[in-house]
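Q: Predicted model and sequence below, questions to follow.
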Amino acid sequence: MLIFSALFAPSTQAAGGGQPSESTEESAEFTPELTEGKPEVAEVPVNNTPNRIITTFNGDTSSEMAFNWYTTDQFEDAKVWVSKSGNFDDTLEFEATPSEVTSHYGERDANGNYIFAQVKEDEEVEPVEDENGEPIIEGYYTDAQAHGDEWMNGDYGHMELTDVTEYSYKATATGLEPNTDYYYYVGSESGEISETGTFKTSGQAGDPFKFVHYTDTQNAFWNENVRNEAAFGANTLMNALQTAGDADFVLHTGDVVEVAEVEDEWIDLFEQSRPYFMQAAMSVAAGNHDEYALNYGDDPLTEKFNEHINVPVTNDKVDGGSYYSMDYNGVHFVTLNTNDNKESEDNPEGKAIGEEQMAWLREDVEQARANGAEWIVLNYHKPLYSKSYHSLQDEDVQKVREELTALIDELDIDLALQGHDHVISRTHSLTHVPSDENFSNAEVEDVNTFVGDNGVEYMENPDGTVYVLPNTGGTKEYDDVYSKGVDHLHEVRPDLDWMTEEDVDYYNSLFGFGGQPQETDAFEDSHSNNRDSSSQNFAIYEVEGNEMIVSMYQLSGDFLLGEERTVELVDQFGIQNGGE
């Protein structure tokens with residue numbers, strides 16, 4: 001099967017080791033040396049050591065924990081072993097359920113380099129076909145030669161995929177004790193077992209806890225051997241966990257990988273992040289890239305997210321992910337699926353969130369409030385408010401914006417944690433206004449503030465919602481397009497040419513903090529960089545009783561080039577929710 005990929009396609013076994021290109025002409029045009037014959041394709045190696053391991057919440061967070069991993073061959077005796085002591089002299093065993101899946105691997109040569117075909121193109125940059133309707137191939141090359149901005153951004157050749165049957169395992173540990181640290185490993189006695197990981201169960205309502213939020217790790221396969229993007233996602237999570245010190249779990253708001261169909265990306269990201277994925281349980285929202293096919297225009301692979309990540313499936317709806325909720329120490333977390341945008345009877349307009357999911361959101365939060373939840377935290381991928389263009393341009397989001405912001409306001413949701421826009425931003429407390437009053441559906445709430453003994457400025461009992469987006473854990477960045485004036489905005493995002501200077505000023509006024517940390521010439525005439533940033537961000541949330549502190553951190557320094565990696569606190573605020 002010949003797969004066509006292009007620069008403007010949805011930006012689409014770790015072999016590269018995360019090393020940067022040695023080329024000294026990074027911006028030079030990429031002109032590969034072609035070979036007439038196709039390099040010999042190496043077989044995808046068998047891997048029966050449990051891999052692509054992730055621990056997630058699926059059920060009662062105080063007594064249950066879910067696990068997911070892969071092997072090439074099926075092991076009927078696959079299990080997860082759980083221990084409080086860490087010596088496994090008190091082991092609890094839980095059987096795993098294997099599911100046969102078809103994984104799609106990019107073709108590589110014996111050195112682990114991807115093999116690409118250069119296809120002849122006409123003046124419209126369309127493939128030229130022969131008399132049999134097959135594309136005319138001018139030659140082959142590998143990414144061993146790859147360099148330059150165009151390559152980094154996705155201007156690679158055409159790649160074939162190899163289908164491999166593998167097994168995805170899901171297991172759930174039950175009957176666990178609340179507020180307890182556990183050790184675990186996964187695998188099978190007839191095969192191999194993993195190293196030991198750790199997780200923590202939730203406690204009682206009101207118990208203090210802390211979690212990490214990062215997003216859009218989104219590593220691209222074509223850069224694996226050029227400038228490994230998965231290494232930055234892993235480094236971001238490592239630094240976030242080190243900075244937090246004792247995080248109870250990690251929250252990821254989507255776009256785990258760049259192209260869901262290319263299994264190499266899942267392996268690269270999961271294995272680079274493996275030491276940190278195995279340090280804490282995770283809660284993950286699905287991003288649009290987590291269902292993307294390699295070939296632009298092909299049907300999305302709506303099952304891939306849930307094959308890799310063991311999270312609840314509400315209403316039996318697997319659609320590029322799933323939506324679900326959980327309670328942790330009295331805080332109610334709701335994860336939406338903004339891939340729910342395929343036209344259907346439930347969703348005839350193709351909104352980012354269909355009617356069934358919207359009705360579920362209302363019912364779920366109302367029930368959580370009735371159960372005594374003092375905090376409601378919403379997590380989803382595609383932003384309603386951010387400092388880059390998606391929030392006001394994505395058609396499926398605009399179709400649901402008024403309805404969703406009104407419901408968020410009505411349900412008194414405290415925080416909305418977002419991804420997708422690859423820019424750092426945090427709004428003031430926003431309340432809903434209808435579209436006939438303002439295009440943004442928001443106005444800034446007049447909230448009393450005070451500075452606590454810890455030096456943090458708190459909002460006192462806000463009625464509105466704060467929308468947070470901690471840039472990206474990967475290397476692809478978007479510019480803060482609203483900060484450069486309306487003429488620049490219209491140039492780089494023509495679909496937003498309806499915005500006036502007054503509109504831009506108003507939209508900017510909704511934010512308490514925001515911008516793009518990366519400095520690059522690419523932003524002079526584009527909203528996007530060349531997937532080359534070494535500026536990543538993460539947020540840490542500390543909850544204790546009726547107070548929450550949100551701290552956003554900036555990572556800087558290209559560690560792949562030997563630069564020192566620094567961590568800087570760039571924004572911090574608190575919310576006091578009820579109480580004295």
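A: Now that the structure is in, tell me what you want to look at. Numbers count the residues shown, from 1 in each chain.
Q: the helices in the stretch 401-550 of the chain, which residues?
A: For the stretch 401-550 of the chain, applying DSSP state H, counting those that start in this stretch gives helices covering 486-492, 501-509.
Q: residue contacts, the spatially most central residue of the chain?
A: Nearest residue to the geometric centre of the chain (C-alpha atoms, centre = their mean): Gly254, 2.6 Å. Shown in contact with Gly254 (C-beta atoms under 8 Å, 6 or more residues apart in numbering): 215-216, 284-290, 321, 338, 380-381, 419-420. Bear in mind the C-beta positions are built from the backbone N, C-alpha and C, glycine included.
Q: Break down the stretch 51-200 of the chain into its strands, ranges please.
A: 51-56, 65-71, 79-83, 92-106, 115-119, 137-142, 159-173, 181-187, 197-200 (DSSP state E, counting those that start in this stretch).
Q: Which one of those lies nearest to Tyr506?
A: strand 51-56 (39.4 Å; C-beta to C-beta).
Q: Next, the angle strand 159-173 makes with that closest one.
A: Computed by axes from the mean of the first three to the mean of the last three C-alpha atoms, to 10 degrees, the angle separating strand 51-56 from strand 159-173 equals 50 degrees.
Q: List the buried residues in strand 51-56.
A: The neighbour-count check on strand 51-56 (16 or more other C-beta atoms under 10 Å) flags Asn51, Arg52, Ile53, Ile54, Thr55, Thr56 as buried.
Q: that older thread, so the residue nearest to the centre of the chain: helix, strand or coil?
A: coil (DSSP: H, G, I helix; E, B strand; the rest coil).
Q: Excluding covalently adjacent residues, which one is nearest to it?
A: Gly287 (2.8 Å; C-beta to C-beta, 6 or more residues apart in numbering).
Q: just checking, that neighbour touches Glu258?
A: No: between Gly287 and Glu258 there is no contact, the gap being 9.9 Å when judged by C-beta atoms under 8 Å.
Q: Now for the two: what residues contact both?
A: Joint contacts of Gly287 and Glu258 (C-beta under 8 Å, 6+ apart) are Gln218.
Q: re earlier: got TSV for the strands of the stretch 51-200 of the chain, with distance to Val468 too?
A: Below are the strands of the stretch 51-200 of the chain laid out as TSV (distance: least, C-beta to C-beta, whole Å):
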stretch	distance to Val468
strand 51-56	21
strand 65-71	26
strand 79-83	33
strand 92-106	34
strand 115-119	39
strand 137-142	41
strand 159-173	30
strand 181-187	28
strand 197-200	23
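Q: Leu361: which of these is closest?
A: The nearest among these, by C-beta to C-beta, is strand 51-56 at 20.5 Å.
Q: Do I have it right that Asn51 meets Tyr70?
A: Yes: using C-beta under 8 Å, Asn51 makes contact with Tyr70 at a distance of 5.4 Å.
Q: Surely Ala368 is in a helix?
A: Yes: the assignment for Ala368, made by three-state DSSP, places it in a helix.
Q: I'd guessed it sits against Val331; true?
A: No: counting by C-beta under 8 Å, Ala368 sits too far from Val331 to count as a contact (9.5 Å).
Q: Against Gly514, how distant is the residue lying closest to Asn454 once chain neighbours are set aside?
A: With C-beta to C-beta, 6+ apart as the measure, Ile549 is the residue that lies nearest to Asn454, at 7.8 Å, once sequence neighbours are left out. From Ile549 across to Gly514, the span is 19 Å (C-beta to C-beta, to the nearest Å).
Q: tell me the phi and psi of the residue nearest to Gly254?
A: phi -110, psi 170 (degrees, to the nearest 10).
Q: okay, it: pLDDT?
A: pLDDT, Gly287: 98.
Q: for it, what are its contacts?
A: Counted by C-beta under 8 Å, 6+ apart, Gly287 has contacts Asp216, Gln218, Thr253, Gly254, Asp255, Val256, Gly321, Asn339, His381, Gly419, His420.
Q: how much space between the closest residue to Phe439 other than its chain neighbours and Thr335?
A: Leaving aside its sequence neighbours, Phe439 sits nearest to Asp503 (C-beta to C-beta, 6+ apart; 6.4 Å). Here Asp503 is placed at a distance of 31 Å from Thr335 (C-beta to C-beta).
Q: Just want to know which of these two has more residues nearby.
A: Remark: of Asp503 and Thr335, Thr335 carries more neighbours, 27 against 18, as counted by other C-beta atoms under 10 Å.
Q: what bridges to that one?
A: Thr335 forms beta bridges with Tyr324, Asn379, as assigned by DSSP bridges.
Q: That one and Gly287: what is the separation?
A: Taken as C-beta to C-beta, the span from Thr335 to Gly287 is 12 Å.
Q: got it, and Ala368?
A: 24 Å.
Q: ok, now Asp396?
A: Counting by C-beta to C-beta - Asp396 and Gly287 are separated by 13 Å.
Q: shared neighbours of Ala368 and Val331, anything?
A: With C-beta under 8 Å, 6+ apart as the test, Ala368 and Val331 both reach Ile376.
Q: coming back round to it: relative to Ala244, which of the helices of the stretch 401-550 of the chain is closest?
A: Going by C-beta to C-beta, the one of the helices of the stretch 401-550 of the chain nearest Ala244 is helix 501-509, 30.5 Å.
Q: From the chain's centroid, how far away is the closest one?
A: 28 Å (C-alpha atoms, centre = their mean, to the nearest Å).
Q: what mean pLDDT does that helix have?
A: 98.
Q: name the helices or strands packed onto that helix?
A: helix 486-492 (3 or more C-beta pairs under 8 Å, 6 or more residues apart in numbering; DSSP states H and E).
Q: what are the ranges of the helices in the stretch 151-300 of the chain?
A: Using DSSP H, counting those that start in this stretch, helices in the stretch 151-300 of the chain cover 229-244, 263-272, 274-277.
Q: List the buried residues in the last one.
A: Taking 16+ other C-beta under 10 Å as the basis for neighbour counts, the residues of helix 274-277 that come out buried are Arg274, Tyr276, Phe277.
Q: so what does it touch, helix or strand wise?
A: By 3+ C-beta pairs under 8 Å, 6+ apart, helix 274-277 packs against strand 51-56, helix 229-244.
Q: Can you get me a residue count around the nearest residue to Val451 once chain neighbours are set aside?
A: Using C-beta to C-beta, 6+ apart and skipping the chain neighbours, the partner closest in space to Val451 is Glu457 (5.3 Å). Glu457 has 12 neighbours, counted by other C-beta under 10 Å.
Q: what do you get for Gln242?
A: Count around Gln242 with other C-beta under 10 Å applied: 11.
Q: Identify the bridge partners of Leu251.
A: Residues in beta-bridge contact with Leu251 (DSSP bridges): His213, Ser283.
Q: pLDDT and distance to Phe211 added to the buried residues of helix 274-277, as TSV?
A: Output for these, formatted as TSV (pLDDT from 0 to 100; distance: C-beta to C-beta, whole Å):
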residue	pLDDT	distance to Phe211
Arg274	98	20
Tyr276	98	14
Phe277	98	15
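Q: Check the gap between the nearest residue to Thr97 once chain neighbours are set aside and Leu404 for me.
A: Leaving aside its chain neighbours, Thr97 sits nearest to Lys170 (5.3 Å; criterion: C-beta to C-beta, 6+ apart). Distance, Lys170 to Leu404, by C-beta to C-beta: 31 Å.
Q: What residues does the residue nearest to Val451 make contact with?
A: Thr449, Phe450, Val451, Phe573, Gly574.
Q: Show me which of these are buried.
A: Buried among these (16+ other C-beta under 10 Å): Phe573, Gly574.
Q: mind listing which of the contacts of Glu457 are in strands?
A: Thr449, Phe450, Val451, Phe573, Gly574 (DSSP state E).
Q: Could you identify the most distant pair in those residues?
A: Farthest pair in these, by C-beta to C-beta: Phe450 and Phe573, 11.8 Å.
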